Structures are given as C-alpha cells and as structure tokens.
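A.B. asks: Fold the following.
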Amino acid sequence: MRDWLTTQGSLTARLVAASSRFRVRRLHQHAATSLADEARAIGLRHPARVWEREVLLECDGVPRVFGHTVVPTSCTATDWPLFSALGERSLGTTLFHDPLVRRGQLEYARIRAGHPLWSRVRAAVGGLDDTMYFARRCVYRRHQGLLLVTEVFLPSVLSLTPARTQQNTK
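C.D. replies: Got it, this is the predicted structure:
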C-alpha cells in the first residue's frame, strides 16, 4: 500500500491510468460538523460546521478509494470556485490543474474500527469484517481558503495493474 499512499501527483490521474473506466461516485455533499482533528487541520479551534463531500473513486466498476473532503463554511466562492458544483467530477483534477492551489504535506494514518471514517467507509462499501484501512490526507490552500482531503485506500486498489499505474505524470 506504501506506493499508493506516497503518490505525490494526482491520485485521480493514477487511477485513470490504471483502469479502462474511471468514475467518481458522489455519496453526498452537504453541511456537517467536522471531526476534531479535521478542525485543527483547517484552522478551526474546535469541531464546527463545514462543507463535507464524500465520494467513492471507482475503477472498472470497483470502488478503490473513499474520499472525504471538508471545507470551512467561512470559505468563499473565490477561494474554491468549483467546489459546490463538482457533482461527480473529480476534485483532484481541479486541484492539480489550478495554478493558485498550494498543496500541504501528506499525513498518513491507519483507520480502524471505532474511527468515524471507518464507519463511513463500511457504510459506503458494505461488509462486516474488521478490515483496517490505510489513509492519507492533505490540506490545500487557495487564496485564503483551506480544504482538507482525506483518501482512504480500499484493499481492492492493490489489484490494479502496477505497470499501468506508473503512468501518472501530474
């Protein structure tokens, strides 16, 4: 999983290269309360209202990555002009092609039963086992706006053909 976690370029580009048919399946996008560690990452003193988006990134009809994004409600359309209108388009495509976006450091974690994101992943992909997931997250900045993207890698990502995934150029 290390290779997937440490990809520096666009994860979307890498998944597109690894599949014949790539799809972003939007699960929801609405106002929600951030997790405590997310609040700190995006400059909030405590859990607060944010815009939240959750998606599944699918390759050839199989979910490979669970995406969870939070944006402080104080951000404006100037900060993140396309966020509210993404629909089933890739956020990664937007982030990596906008010269005003600055990417922060990647952080890594193991997501186990009991973690709020573990429950969300399980609800999105089904299953009853105690699978531990590997995840990474990163804060992006555009103007004064911060946006936190967390990517939880599903075990199925490991079945993608390595030779094709090396074509990531962004």
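A.B. asks: Please enumerate the helices of the chain.
C.D. replies: For the chain, the helices defined by DSSP state H cover 2-5, 11-17, 36-41, 91-97, 116-125, 162-165.
A.B. asks: Quickly note the distance from A41 to E107.
C.D. replies: 8 Å (CB to CB, to the nearest Å). For the C-beta atoms, the positions are set from N, CA and C on the backbone; glycine is no exception.
A.B. asks: between the two, which one's more packed in?
C.D. replies: A41 (19 against 14; other CB atoms under 10 Å).
A.B. asks: So for the residue nearest the centre of the chain, what's the nearest residue that isn't a sequence neighbour?
C.D. replies: The residue lying closest to the centre of the chain (CA atoms, centre = their mean) is G67, at 3.3 Å. Spatial nearest neighbour of G67, excluding adjacent residues (CB to CB, 6 or more residues apart in numbering): V55 at 4.4 Å.
A.B. asks: give the contact list for R53.
C.D. replies: 26, 28-29, 67-70, 83, 86, 91 (CB atoms under 8 Å, 6 or more residues apart in numbering).
A.B. asks: got a winner among the residues you listed for most neighbours?
C.D. replies: V70 (26 neighbours).
A.B. asks: Make sure that one is actually in contact with R49.
C.D. replies: No. V70 lies out of contact with R49 (CB atoms under 8 Å); the separation is 10.0 Å.
A.B. asks: Find the residues that touch each one of these two.
C.D. replies: With CB under 8 Å, 6+ apart as the test, V70 and R49 both reach 32, 34.
A.B. asks: follow-up on the earlier one: most widely separated two among the contacts of R53?
C.D. replies: Farthest apart among these by CB to CB are R26 and V70. That separation is 15.0 Å.
A.B. asks: where does the chain have low pLDDT?
C.D. replies: The chain contains residues with pLDDT under 70 at 128, 162-170.
A.B. asks: Okay, strands next: where are they in the protein?
C.D. replies: 22-33, 49-59, 62-72, 102-103, 107-111, 133-142, 145-153 (DSSP state E).
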